[in-house]
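Engineer: Whatever this is, show me its structure:
(one chain, ligands or ions: 1)
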Amino acid sequence: MVEKSGRRGFTLMELLVVVAIIAVLAGILFPVLARAREAARATRCRSNLRQLGMSLSLYRSDYDDTNAPYRSCPDLPADPQCFSLKEQGRSSGPNEHWWAPLDTHGAGTGELFQFQRPASTYNRPGLVDPYVRSNDIFQCPSFSGQVGFAMTFIADSPMGRADAEVLKGSTDPGRLMVIWDHGNGPSCGGSSIPGNPPNRRPPFSPVIGPNSTIHYPLRHFDQMNAVFYDGHVAARRPSQLRDSDFRPSGSLPLADPPLSP
Ligand SMILES: [Zn+2]
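Structural biologist: Modelled structure (predicted):
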């Protein structure tokens, strides 16, 4: 008697069924995994901001209760905080420092920094560097360029000013955003919005729409992360931003068009 072998190959139909099942499972799992990865990045982003908030408070206690400025430009003696620069992304000279460390990628005086290019070597120390353990915290993990966070230098914002002055003018300092997710350079002041003189720096408005996504990126599940003046960190929906997120209530100028108070 000849025994029949019980083994046979898969039929084409069986193979197709298996492939279809794998495709369905992958279709279900990939978005879940992508969401989990982004949730982890958002958590790291908030942890970085929390540590940056602590570094700002240490800086403040070392500098007679004055807040770190967003940038220091000793090469412009009449304008040490660089407010008058038409384009904030250009180097004002070899001695300038931003609050965060930078890789200048060789940008000379008057040349544009390439913030969209990741940093390989931080060759320009940041003003709060002495108060942090690792340069990694200066980076939003969901941003591919360097930094990905901006410090406010909007008119009447806390940065570069005495703590007492900020607290005097503010009904709720815990409301003031100091550093937040940003899709370009490490500062946000909107000084180049037409119609606003350089010393009046409103928040960029409108806060939603294609152009606003540089200033308020929908980076972490349609939200952006921010550290506030009291050091707490929270996610914000750009559509909910108000004027009081940027400066003490009632101070001028309001954004154009005005945000809700
Ligand atoms: Zn972020």
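Engineer: Tell me if residue 122 really is in a helix.
Structural biologist: No - applying DSSP: H, G, I helix; E, B strand; the rest coil, one finds residue 122 to be coil, outside a helix.
Engineer: Quick check: pLDDT value at residue 61.
Structural biologist: pLDDT, residue 61: 97.
Engineer: how about the helices in the chain?
Structural biologist: For the chain, helices defined by DSSP state H occupy the ranges 12-62, 163-169.
Engineer: The ion contacts on the chain?
Structural biologist: 45, 140, 181, 225 (Cβ under 5 Å from the ion). For the C-beta atoms, the positions are set from N, CA and C on the backbone; glycine is no exception.
Engineer: How about the second one: what's its closest non-neighbour residue?
Structural biologist: Right, the one you point to is residue 140. Nearest residue to residue 140 in three dimensions, chain neighbours excluded: residue 148, at 3.4 Å (Cβ to Cβ, 6 or more residues apart in numbering).
Engineer: Wait, the one you found touches residue 142, no?
Structural biologist: Yes - counting by Cβ atoms under 8 Å, residue 148 does reach residue 142; the two are 7.3 Å apart.
Engineer: So if I had to pick from those two, which one is more boxed in?
Structural biologist: Neighbour comparison, residue 148 and residue 142: the larger count goes to residue 148, with 23 against 17 (by other Cβ atoms under 10 Å).
Engineer: So residue 228 versus residue 235, what's the distance?
Structural biologist: According to Cβ to Cβ, to the nearest Å, residue 228 and residue 235 sit 12 Å apart.
Engineer: If you count surrounding residues, which of the two has more?
Structural biologist: Taking neighbours as other Cβ under 10 Å, residue 228 and residue 235 compare with residue 228 leading, 22 against 16.
Engineer: Could you report the neighbour count for residue 43?
Structural biologist: 13.
Engineer: pLDDT value on it, please?
Structural biologist: pLDDT, residue 43: 97.
Engineer: same check, this time on the one 5 residues further on
Structural biologist: For residue 48, the pLDDT comes out at 98.
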